[in-house]
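Participant: predicted model and sequence below, questions to follow.
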Amino acid sequence: MSETRDLMLRSLDRIVHDTLDINARVAADASGQWPGKLWAALDEQGMTAIGEVTEGDLGFADSMALVGRAAYHALPLPLAETVLARRLLGRAGIDIPDGPLTVVAPGVATEVALTGGRLSGLARGVPWARAISHAVLAAGDMLVLADISGATSGQGVNMADEPRDALDLGRARVVASVQMSRAASAVEADGAMLRAVQLSGALSRVLDDALSWTGDRVQFGKPISKFQAVQHLMAQLAAETAAASAATDMAVVASVAAPDRFAVAVAKARAGEAAGKGSAIAHQAFGAMGFTREHHLQYATRRLWSWRDEFGGEAYWQAELGRAIAANGADRLWATITGTG
């Protein structure tokens, strides 16, 4: 880990400790209330203005590390979406506006078109649209930056109580648009990689919490971590977490300049599978305690259950992997899987 990245992550840990107590977390997750104090603290440290491919001393892998650490803490704000939007805009050469940003995933938008400089279509499940003024989306072969102030047509949440709102794109104003080959594919792949990184980060927190809990919880005169059945569960959870981390690290390395869809597909599919298995194991270890509003575990696991389906679930990306491998032919199976030629 670079010194710059280490300082950044420790700064994030300190900000979370100082600003995100249980009352602030409950308010944000239960009501969708904008965590202004938390966002301001991150903004002051420059953490809300990263994501572009070239960042001086802060590289792409460092920005992904920040996204993963934010997921570890289950931050109730759109830091990941802002990083994703800035990456897409930076690669397209579009000037990046200040403040939080969101992204419209291709899978949640219908009948999106850009005609005569005006958008049309509908989008549902857009992260934090109610509190954000600008969104990035694909319209045909165009990448579009839109002002969505006043375009929210309904409010909703995902399983983690994160805002997921509806947009009437006909009420949005196009700020800039650039032709981009396979724009929707680029948005989808970058978004899937980001969600895979978040899944890996949240799984790391679930593992840490589970190890701590099983080491502290005493039954029959000894910590439950001393029981072989519990040790097997923790070993399975550690294995799933490690697999998700390895897959997402590979995707990040392969996708510095632009998303590598094969590597992203592996990462999103494997991290999503690990999210399902890891959450089940953790809640089995914690019992009813892990579901309470005051306990951190459910803030992580509910995000795992939500993020695994966003920007394509496991079945979607596994099917893409299957098509890619089949297209390359049986003789190139090993080379395709390992990326050796």
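Facilitator: Yep, it's here.
Participant: pLDDT wise, what is residue 65 at?
Facilitator: pLDDT for residue 65: 96.
Participant: one more: residue 193?
Facilitator: So, for residue 193, pLDDT stands at 97.
Participant: in a strand, it, correct?
Facilitator: No: looking at residue 193 with DSSP: H, G, I helix; E, B strand; the rest coil, it is helix, so not inside a strand.
Participant: mind listing what it touches?
Facilitator: 248, 251-252, 255, 259, 264, 267-268 (CB atoms under 8 Å, 6 or more residues apart in numbering). From N, CA and C alone the C-beta is placed, and that goes for glycine too.
Participant: need the helices for the protein, in chain order.
Facilitator: 3-19, 22-31, 36-44, 60-72, 79-92, 183-216, 228-254, 261-286, 297-307, 314-328, 333-338 (DSSP state H).
Participant: which positions in the shortest one come out as buried?
Facilitator: Of the residues in helix 333-338, those with enough neighbours to count as buried (16 or more other CB atoms under 10 Å) are residue 336.
Participant: for stretch 128-148, buried residues please.
Facilitator: 128-139, 142-146, 148.
Participant: now render the helices of the chain as JSON lines, adding distance to residue 109.
Facilitator: Compiled in JSON lines, these are given as follows (distance: least, CB to CB, whole Å):
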{"stretch": "helix 3-19", "distance to residue 109": "31"}
{"stretch": "helix 22-31", "distance to residue 109": "26"}
{"stretch": "helix 36-44", "distance to residue 109": "26"}
{"stretch": "helix 60-72", "distance to residue 109": "23"}
{"stretch": "helix 79-92", "distance to residue 109": "15"}
{"stretch": "helix 183-216", "distance to residue 109": "9"}
{"stretch": "helix 228-254", "distance to residue 109": "24"}
{"stretch": "helix 261-286", "distance to residue 109": "19"}
{"stretch": "helix 297-307", "distance to residue 109": "18"}
{"stretch": "helix 314-328", "distance to residue 109": "16"}
{"stretch": "helix 333-338", "distance to residue 109": "31"}
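Participant: closest one to residue 122 among these?
Facilitator: helix 183-216 (15.5 Å; CB to CB).
Participant: and the angle for the closest one with helix 60-72?
Facilitator: Helix 183-216 runs at 50 degrees relative to helix 60-72, counting by axes from the mean of the first three to the mean of the last three CA atoms, to 10 degrees.
Participant: what residues of helix 183-216 count as buried?
Facilitator: So for helix 183-216, counting by 16+ other CB under 10 Å, buried means 183-184, 186-207, 209-210, 213-214.
Participant: for stretch 319-339, same thing?
Facilitator: Buried-residue list, stretch 319-339, by 16+ other CB under 10 Å: 320-321, 336.
Participant: let me see the residues that make contact with that stretch.
Facilitator: By CB under 8 Å, 6+ apart, stretch 319-339 touches 254, 261-263, 265-266, 269, 340-341.
Participant: and these, which is closest to residue 219?
Facilitator: residue 269 (36.8 Å).
Participant: you'd agree that closest one is up against residue 311?
Facilitator: No: with contacts counted by CB atoms under 8 Å, residue 269 stays clear of residue 311, the gap being 11.7 Å.
Participant: how close does residue 82 sit to residue 75?
Facilitator: Going from residue 82 to residue 75 by CB to CB, to the nearest Å gives 11 Å.
Participant: higher neighbour count, those two?
Facilitator: A count of neighbours by other CB atoms under 10 Å puts residue 82 above the other of residue 82 and residue 75, at 28 against 24.
Participant: could you measure the more buried one against residue 180, distance?
Facilitator: 20 Å.
Participant: ok, now residue 174?
Facilitator: From residue 174 to residue 180 the distance is 15 Å (CB to CB).
Participant: so the two - more neighbours on which side?
Facilitator: residue 180 (20 against 17).
Participant: and the more buried one, what does it touch?
Facilitator: Per CB under 8 Å, 6+ apart, neighbours of residue 180: 92, 138, 141-143, 186.
Participant: show me this structure divided up by domain.
Facilitator: Structural domains annotated on the chain: 1-77, 94-181, 184-338, as defined by automatic domain parsing.
Participant: and residue 86, which of those is closest to it?
Facilitator: domain 1-77 (3.4 Å).
Participant: who wins for most neighbours among the contacts of residue 193?
Facilitator: residue 268 (36 neighbours).
Participant: check contacts around that residue.
Facilitator: Per CB under 8 Å, 6+ apart, neighbours of residue 268: 192-193, 195-196, 311-312, 314, 317.
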